[in-house]
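**Q** this is a predicted model, with the sequence first.
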Amino acid sequence: MDPLLFARGLVLGFTIAAAVGPISLLTIRRTLAHGRIYGLASGLGVATADATYGGIAAFGLTAVTSILVGGRQILGLIGGLFLILLAWRTITSRPDEVAVADDRPGLIGAFASIFGLTMTNPMTILSFAAIFAGLGVVGRGGADAALLTVGVFCGSASWWLILTSVVSALRTRVSVGGLVWVNRVSGVVLFGFAIWSIAGAFVRFPA
């Protein structure tokens with residue numbers, strides 16, 4: 001067992017999670033609207049999805065990888081449509097105390113929705129596979145692959161813990177009017193990501 005694999009997974013998980021995208025935007029918006037715990041639950045959903053894809057790449061499960069990449073069109077469509085729904089709900093939501101209580105589906109719902117959305121991007125597994133191949137850790141199997149996977153989860157979870165803590169600390173400084181504009185801007189950006197996801201589902205990558 002190589003103890004450095006955990007450190008490598010930790011760094012990779014943190015770095016990949018820190019990339020700005022629709023997931024980061026959703027987590028920030030949820031933290032502002034519902035608080036740090038709710039935002040962190042969403043972040044842990046992302047970390048679990050990252051670890052799932054990282055584990056598939058680390059264990060060298062090429063058959064699963066092929067299935068996921070082969071189904072990228074339908075997954076891209078599902079993810080894009082889900083983002084459109086989230087964009088609409090974000091733009092039309094009312095950032096007052098009653099709306100926050102009514103719109104909050106619960107911590108499990110926060111975790112599951114972001115986990116599902118993250119899993120609709122099978123290109124993530126190619127990122128992990130390419131990085132792991134460069135490090136020479138693909139297909140190690142057993143304890144080494146498990147250690148790498150745990151490292152990815154911990155690294156990703158660390159990023160979401162830091163991000164939601166920072167956003168939560170600034171939350172009290174954002175007025176209701178400010179949250180209205182956060183929702184509007186976030187919704188428009190999410191809609192843009194949705195169109196990008198749907199269009200990207202039909203882009204053919206060179207072999």
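**A** Perfect, I can see it now.

**Q** average pLDDT across stretch 91-101?
**A** Averaging pLDDT along stretch 91-101 gives 55.

**Q** quick check: P22 vs Y53, distance?
**A** 17 Å (Cβ to Cβ, to the nearest Å). Placement of C-beta: from N, CA and C, glycine included.

**Q** then S156?
**A** Applying Cβ to Cβ to S156 and Y53 gives a distance of 10 Å.

**Q** neighbour-wise, which of the two wins?
**A** S156 (29 against 26; other Cβ atoms under 10 Å).

**Q** contacts only, for that one.
**A** For S156, the contact set (Cβ atoms under 8 Å, 6 or more residues apart in numbering) comprises G13, F14, I16, A17, G43, V46, A47, D50, A51.

**Q** just the element for V189, please.
**A** If you go by DSSP states H and E, V189 is part of helix 176-200.

**Q** typo on my end, Y53
**A** Applying DSSP H and E, one finds Y53 within helix 36-58.

**Q** so which elements touch that helix?
**A** helix 4-17, helix 22-34, helix 62-70, helix 107-119, helix 123-135, helix 142-171 (3 or more Cβ pairs under 8 Å, 6 or more residues apart in numbering; DSSP states H and E).

**Q** what residues of it count as buried?
**A** 36, 38-58 (16 or more other Cβ atoms under 10 Å).

**Q** same deal with stretch 153-171?
**A** 153-161, 163-164, 167-168, 171.

**Q** lowest-pLDDT helix or strand in the protein?
**A** helix 97-103 (a mean of 46; mean pLDDT, DSSP states H and E).

**Q** give the contact list for R30.
**A** Y38, G39, S42, A110.

**Q** from those, which two are the most distant?
**A** G39 and A110 (8.1 Å; Cβ to Cβ).

**Q** and which of the buried residues of stretch 153-171 is nearest G187?
**A** Within the buried residues of stretch 153-171, proximity to G187 (Cβ to Cβ) peaks at V167, which comes in at 17.6 Å.

**Q** quick check: closest non-adjacent residue to that closest one.
**A** T31 (4.4 Å; Cβ to Cβ, 6 or more residues apart in numbering).

**Q** where does that neighbour land on pLDDT?
**A** 89.

**Q** my read: V152 touches L12, true?
**A** Yes. If you go by Cβ atoms under 8 Å, V152 and L12 touch, sitting 6.0 Å apart.

**Q** of those two, give the one with the bigger neighbour count.
**A** Set V152 next to L12 and count neighbours by other Cβ under 10 Å: V152 wins out with 31 against 22.

**Q** from L26, how far out is F153?
**A** 19 Å.

**Q** ok, I108 next?
**A** 16 Å.

**Q** ok, now which ones touch F193?
**A** Residues in contact with F193 (Cβ under 8 Å, 6+ apart) are G21, P22, L25, L83.
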